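**Q** next input, structure requested:
(one chain, ligands or ions: 1)
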Amino acid sequence: MWTLVLNCGSSSLKFALLDPDTRELQLSGLAERLGVDGASLRLDRDGERRTHDLKGGGHAAALDRLLAELSALGLLDGVAAVGHRVVHGGERFSAPARITPEVMEAIRACVPLAPLHNPANIAGIEAAQAAFPGVPQVAVFDTAFHQTMPPVAYRYAVPEAWYHHYGVRRYGFHGTSHAYVAGEAAGMLGRPLEDLNLITAHLGNGSSVCAVAGGRSVDTSMGLTPLEGLVMGTRSGDVDPGLHDYVARQSGLSLSEVTGALNRESGLLGLSNLASDMRELEEAAGRGHAGARLALDVFVYRLAGTVAQMAAALGRVDGLVFTGGIGENSASVRAQTLARLGFLGFALDEKANAAAVRGGSGLVTRTGTLPALVVNTNEELMIARQTQDVVTGS
Ligand code: ADP
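**A** Numbering: from 1, shown residues only. Next up is the predicted model:
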């Protein structure tokens with residue numbers, strides 16, 4: 001039996017059909033530019049890739065096409081459940097939930113907290129309910145893993161009424177990835193997750209760090225929104241809260257325009273004035289591009305500082321995990337970050353670090369020193385497992 005995992009963005013739909021027990025992947029793909037000319041669906045199966053024109057169709061058209069494909073492949077009857085990635089579950093969801101009308105209402109109630117993401121997730125759920133009638137659907141929340149954070153980690157020092165009336169607190173994101181790689185790292189270290197204090201660094205286009213004590217999140221770098229914390233591809237991460245008002249006054253931009261610029265024109269892109277993509281920046285820095293060098297240096301400086309902050313949250317550190325496109329592939333970001341964190345006990349194994357790229361994983365530090373390791377994240381697998389657990393009641 002297969003689980004279909006759906007990850008819907010405003011104009012995209014990423015999917016995977018897999019067996020959560022064996023990890024076997026039947027079919028995966030991505031629909032892009034949904035709702036506009038050029039909308040397309042890419043299907044990957046057994047190393048072969050095909051692309052379909054969706055003729056401007058939206059999420060429903062993408063799912064219809066996928067359905068036809070599953071039917072032609074004889075896979076449709078094997079779809080036992082659909083698992084949806086949902087970005088924001090607020091304080092209501094600390095675990096995945098089977099989708100009922102009440103759960104849909106609660107996801108809708110979280111729209112003000114994630115105005116770009118939750119409406120797309122809702123559109124995906126509605127399209128999937130229509131496409132797969134009678135198949136159980138489960139919501140897996142990016143925020144749920146962090147609901148174990150204590151108040152010292154999740155409360156902002158702002159008027160108390162903002163927390164009670166508007167839900168102003170730190171929620172954290174990337175929970176599925178942090179939870180998955182922490183579990184995998186424990187296996188690689190040969191120790192029970194319950195006994196370990198780990199720091200996980202998910203470094204992709206969006207990036208966050210998490211302090212995981214005994215398998216539970218106790219702090220993380222993202223907050224009310226995914227804008228807080230580290231320097232990201234186009235997101236600023238932490239800035240002075242006074243910046244918004246200052247820039248708005250100086251530039252004549254509205255507050256929402258300032259927020260837009262902090263989300264889309266900042267981070268690595270803003271610092272380098274060149275690109276948001278780490279690979280491109282590493283190449284440019286190698287050619288002597290000063291902006292690219294600065295962007296890389298600030299990225300690493302802030303990452304190391306945030307890892308140290310997570311170490312303080314944990315009190316004792318048993319390991320650091322790198323994951324996400326940058327964490328899994330940039331040996332240079334890992335080397336520079338660990339060099340700054342030598343005081344915690346890390347000592348780089350240069351050969352192992354150079355080898356842990358493009359799917360390679362494992363320890364990148366020398367034997368007898370504090371372990372840092374590369375783990376390939378697999379959010380689809382984690383969502384499929386959690387979906388199966390909810391459906392089977394285990
Ligand atoms: P998303 O957060 O969108 O899922 P990914 O996890 O795929 O993104 O990460 C994308 C980032 O990973 C980009 O900045 C990209 O440049 C970086 N990356 C991928 N491969 C490499 C590489 N070989 N060296 C350095 N950075 C890489």
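**Q** now do the strands in the chain.
**A** Counting by DSSP state E, one finds strands in the chain at the ranges 2-8, 13-18, 25-32, 40-45, 48-53, 79-86, 97-98, 137-141, 197-203, 207-213, 216-220, 319-323, 362-363, 372-374.
**Q** may I see these organised as JSON lines, with mean neighbour count, mean pLDDT and distance to residue 167 added?
**A** All C-beta spots, glycine's among them, are computed from the backbone N, C-alpha and C. Formatted as JSON lines, these follow (neighbours: other CB atoms under 10 Å; pLDDT from 0 to 100; distance: least, CB to CB, whole Å):
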{"stretch": "strand 2-8", "mean neighbour count": "26", "mean pLDDT": "96", "distance to residue 167": "23"}
{"stretch": "strand 13-18", "mean neighbour count": "23", "mean pLDDT": "96", "distance to residue 167": "28"}
{"stretch": "strand 25-32", "mean neighbour count": "19", "mean pLDDT": "95", "distance to residue 167": "32"}
{"stretch": "strand 40-45", "mean neighbour count": "17", "mean pLDDT": "96", "distance to residue 167": "36"}
{"stretch": "strand 48-53", "mean neighbour count": "12", "mean pLDDT": "95", "distance to residue 167": "41"}
{"stretch": "strand 79-86", "mean neighbour count": "24", "mean pLDDT": "97", "distance to residue 167": "16"}
{"stretch": "strand 97-98", "mean neighbour count": "18", "mean pLDDT": "98", "distance to residue 167": "18"}
{"stretch": "strand 137-141", "mean neighbour count": "26", "mean pLDDT": "98", "distance to residue 167": "14"}
{"stretch": "strand 197-203", "mean neighbour count": "27", "mean pLDDT": "99", "distance to residue 167": "24"}
{"stretch": "strand 207-213", "mean neighbour count": "27", "mean pLDDT": "99", "distance to residue 167": "19"}
{"stretch": "strand 216-220", "mean neighbour count": "23", "mean pLDDT": "98", "distance to residue 167": "17"}
{"stretch": "strand 319-323", "mean neighbour count": "27", "mean pLDDT": "98", "distance to residue 167": "29"}
{"stretch": "strand 362-363", "mean neighbour count": "16", "mean pLDDT": "98", "distance to residue 167": "40"}
{"stretch": "strand 372-374", "mean neighbour count": "26", "mean pLDDT": "98", "distance to residue 167": "35"}
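**Q** kindly reformat these as TSV containing distance to residue 230.
**A** Output for these, formatted as TSV (distance: least, CB to CB, whole Å):
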stretch	distance to residue 230
strand 2-8	22
strand 13-18	23
strand 25-32	25
strand 40-45	30
strand 48-53	33
strand 79-86	21
strand 97-98	29
strand 137-141	21
strand 197-203	8
strand 207-213	4
strand 216-220	11
strand 319-323	13
strand 362-363	23
strand 372-374	17
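**Q** what number of residues lie near whichever residue of the stretch 251-394 of the chain sits closest to the ligand?
**A** Closest to the ligand within the stretch 251-394 of the chain is residue 325: 2.1 Å, counting by CB to the nearest ligand atom. Residue 325 has 17 neighbours, counted by other CB atoms under 10 Å.
**Q** quick check: residue 173 touching residue 209?
**A** No - Residue 173 lies out of contact with residue 209 (CB atoms under 8 Å); the separation is 11.5 Å.
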